[in-house]
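Undergrad: I need the structure of the sequence given here:
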Amino acid sequence: MKVIIFSHESDLDGLYSAAIGLVRYPQAMTVFLGYGAENFQKMGNFIYSATHSSKERGLVIIADLGLNDDTIEICRQIFADAVSNGWKLMWVDHHPWSQAAIDMARQHVELVHDASGTKCAADLMAEKLLPENDLASRLAGMAHTMDFFTKDQYLTPITELIKYYQTFPDFYHRLTDLARKSAKGVLWDVEMHDDYEKYARLRDEAKISVLSAMRVKEVQGIKVAYVPTSPYLQSSLFSEEVFAITGADLAMFYSAKGKVSIRRSNSRVSCRAIAAGLPEGGGHDYAAGATFSSDPADSAAVVAEMEAAVRKAIAGS
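TA: Modelled structure (predicted):
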């Protein structure tokens, strides 16, 4: 049976969700994606090609990707066509969805959704696909530790390696290689270690540059750090240093590619609510992502746009 696994491209939960899928379906093709209409249309193109290229039927698994309202119609068309060609679809996710998104998905896919804030996508993948498998359980446990920052076990620095690989033109090949190694129980090797040593030097140089350009402002009683991030900095991990240095309640990392990563140090404000005030926003209360409309070269305009989103979120809370 043909199997395609789509998973989030940016973190350990996405990587290990795909790896758990590969433990269950070693023949599967893996595709790693980000958010936004362009990425979901890319997913649609993959699915259309697979479902129309032969008469063989198969399964599509989507993991660790939330369905935002602005991509509901894209997905409706993708799914309806795939189902009409005899394919089955499963969506496994832990992000908050609107009722409209849930209702649409349930018409076409087997939806495994838990937005309780107690499980990551890899947890759900292991429970659904391989409930008695030790490797799947171990992978899910490590993804859970990273996603919720529980710090209850040692993790290899593979999350930073994912970030490093995003700077390479063959990023998706590298991520697929990591997923296949993980599915075989190889969580770290000499090649990964050599790459990590190269990355660590670039990361440390980037921290010096970024911290010197960081701005900290108070917005209606919320202390916000606006950080012009680097391709070599993993936001969730770096945010701990930013919070320790600044004492901020909120950190907003903005990139030259027009993307924003939002992290918080306490529950005074919801990252997801802030992301909702920016283009393509989505995520969790404790961590979220979005894009911005301002020119990335105009840092004052970018900060003003993000600050407006913070004010809007505070006003609506």
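
Undergrad: for the stretch 51-200 of the chain, what spans make up the helices?
TA: Applying DSSP state H, counting those that start in this stretch to the stretch 51-200 of the chain gives helices spanning 72-84, 99-108, 121-129, 134-148, 158-165, 171-183, 190-213.

Undergrad: List of residues touching the fifth one?
TA: Helix 158-165 has contacts (C-beta atoms under 8 Å, 6 or more residues apart in numbering) with 10-12, 15, 146, 171, 174-175, 178, 187-188, 192, 195-196, 198-200, 202-203, 231-234, 236-237. C-beta: built from backbone N, CA, C; applies to glycine.

Undergrad: Now which of these would you call buried?
TA: For the contacts of helix 158-165, a burial check counting by 16 or more other C-beta atoms under 10 Å picks out 10-12, 15, 146, 174-175, 178, 187, 192, 195-196, 199, 203, 232-234, 236-237.

Undergrad: Relative to the whole chain's centre, how far out is stretch 35-53?
TA: Between the centre of stretch 35-53 and the centre of its chain there are 18 Å (C-alpha atoms, centre = their mean, to the nearest Å).

Undergrad: can you list contacts of it?
TA: Against stretch 35-53 from outside (C-beta under 8 Å, 6+ apart): 2, 4, 6, 31, 33, 58, 60, 62, 65-66, 68, 70-71, 74-75, 77-78, 81-82, 85-87, 280, 282, 289, 291.

Undergrad: Same question for stretch 132-150.
TA: Surrounding stretch 132-150, the residues in contact under the criterion C-beta under 8 Å, 6+ apart are 11-13, 15-17, 19-20, 23-24, 119-123, 125-127, 129-130, 151-153, 155, 159, 182-183, 185, 187, 236.

Undergrad: again with stretch 103-114
TA: Under C-beta under 8 Å, 6+ apart, the answer for stretch 103-114 is 62, 67, 72, 75-76, 79-80, 82-83, 88-94, 97, 102, 124, 128.

Undergrad: residues near the closest residue to Val219 other than its chain neighbours, how many?
TA: Excluding the flanking residues, the one nearest Val219 by C-beta to C-beta, 6 or more residues apart in numbering is Val310, at 4.9 Å. The local packing of Val310 (other C-beta atoms under 10 Å) involves 23 other residues.

Undergrad: circling back to that earlier point, drop anything exposed from the contacts of stretch 35-53.
TA: Listed as buried from those are 2, 4, 6, 31, 33, 58, 60, 62, 65-66, 68, 71, 74-75, 78, 81-82, 87, 280, 282, 289, 291; burial here means 16+ other C-beta under 10 Å.

Undergrad: Narrow these to those in strands?
TA: Secondary structure from DSSP state E places 2, 4, 6, 31, 33, 58, 60, 62, 282, 289, 291 of the buried ones among the contacts of stretch 35-53 in strands.

Undergrad: who does the first one bridge with?
TA: Counting by DSSP bridges, Lys2 forms beta bridges with Gly58.

Undergrad: cool, the last one as well?
TA: Going by DSSP bridges, Thr291 is paired in beta bridges with Lys259.

Undergrad: who touches it in this structure?
TA: Thr291 makes contacts with 36, 258-260, 278-281, as judged by C-beta under 8 Å, 6+ apart.

Undergrad: What's the per-residue pLDDT of Ala18 here?
TA: Confidence at Ala18, expressed as pLDDT, is 98.

Undergrad: no wait, Asn68
TA: For Asn68, the model assigns a pLDDT of 90.

Undergrad: likewise Lys151?
TA: pLDDT, Lys151: 93.

Undergrad: Also Tyr199?
TA: At Tyr199, the pLDDT value in this model is 98.

Undergrad: Then the one 4 residues further on?
TA: Note for Arg203: predicted pLDDT of 98.

Undergrad: swap in the one 3 residues further on?
TA: The confidence metric pLDDT takes the value 97 at Ala206.
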